[in-house]
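**Q** Need the 3D shape of this:
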Amino acid sequence: MNKKDVLLGFLIGFATTLLGSYLFITFFTEFKFIAGIQIMKSQGNLGKIITLGSILTLIAFGILLKMNKEIMARGVVLAVIALAILTLFI
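**A** Numbers count the residues shown, from 1 in each chain. Here you go, the predicted model:
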C-alpha cells in the first residue's frame, strides 16, 4: 500500500468536503463563508453543514474508482470517517 496515495486521497476527501461546505453556505444562505461557519457553529448546525459538504466527496470517490485508483479511494473514505468523528465532537 502506497502511503502517498492514501494521503493524497485523504487530502482530496478533505478538500472536496471543504469545497462542498463553501458552496452550500454561499449559495443557500445569505452569509459569507467565515461568518456562516461561525453562525452555524453557534446554532449547533456545523455538523450538518459538513455532512452536506461531503456530497462532493462521493463524486470524487466515484471518479477515483473509475480511474482504478483504489488506494486513493481508500484515503477518501478515511477522510469521510475522520470528518464523521470530528463532527461528533463539534
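**Q** Can you identify the element that follows the longest helix anywhere in the chain toward the C-terminus?
**A** For the chain, the helix with the greatest residue count under DSSP state H is helix 3-28. Counting by DSSP states H and E, the next helix or strand C-terminal to helix 3-28 is helix 33-43.
**Q** if you take the average position of the protein, which residue is closest to it?
**A** With distances taken as C-alpha atoms, centre = their mean, the chain has T17 as the residue nearest its mean C-alpha position (2.0 Å).
**Q** what about I39, neighbour count?
**A** Neighbourhood size, I39 [other C-beta atoms under 10 Å]: 14. The C-beta positions use only the backbone N, C-alpha and C, and glycine is treated the same way.
**Q** Assess the claim that it and K32 are in contact.
**A** No. Counting by C-beta atoms under 8 Å, I39 stays clear of K32, with 10.0 Å between them.
**Q** low-scoring pLDDT stretches of this protein, where are they?
**A** Screening the chain residue by residue with the criterion pLDDT under 70, one finds the ranges 1.
**Q** Kindly recompute the last result at 80.
**A** 1, 90 (pLDDT under 80).
**Q** now the helix or strand harbouring L58, how far from the centre of its chain.
**A** L58 is located in helix 55-66, with elements delineated by DSSP H and E. Its chain's C-alpha centre lies 11 Å from the corresponding centre of helix 55-66 when counted by C-alpha atoms, centre = their mean, to the nearest Å.
**Q** Who are the packing partners of it?
**A** Helices and strands in packing contact with helix 55-66 are listed as helix 3-28, helix 70-89; criterion 3 or more C-beta pairs under 8 Å, 6 or more residues apart in numbering; DSSP states H and E.
**Q** Correct me if wrong: G9 contacts G75.
**A** Yes. Using C-beta under 8 Å as the test, G9 is close enough to G75 to be in contact (2.1 Å).
**Q** roughly how far apart are I63 and G9?
**A** Applying C-beta to C-beta, to the nearest Å, the value for I63 to G9 is 11 Å.
**Q** of these two, who's got more company?
**A** Regarding I63 and G9, a neighbour count based on other C-beta under 10 Å identifies G9 as having more, with 24 against 14.
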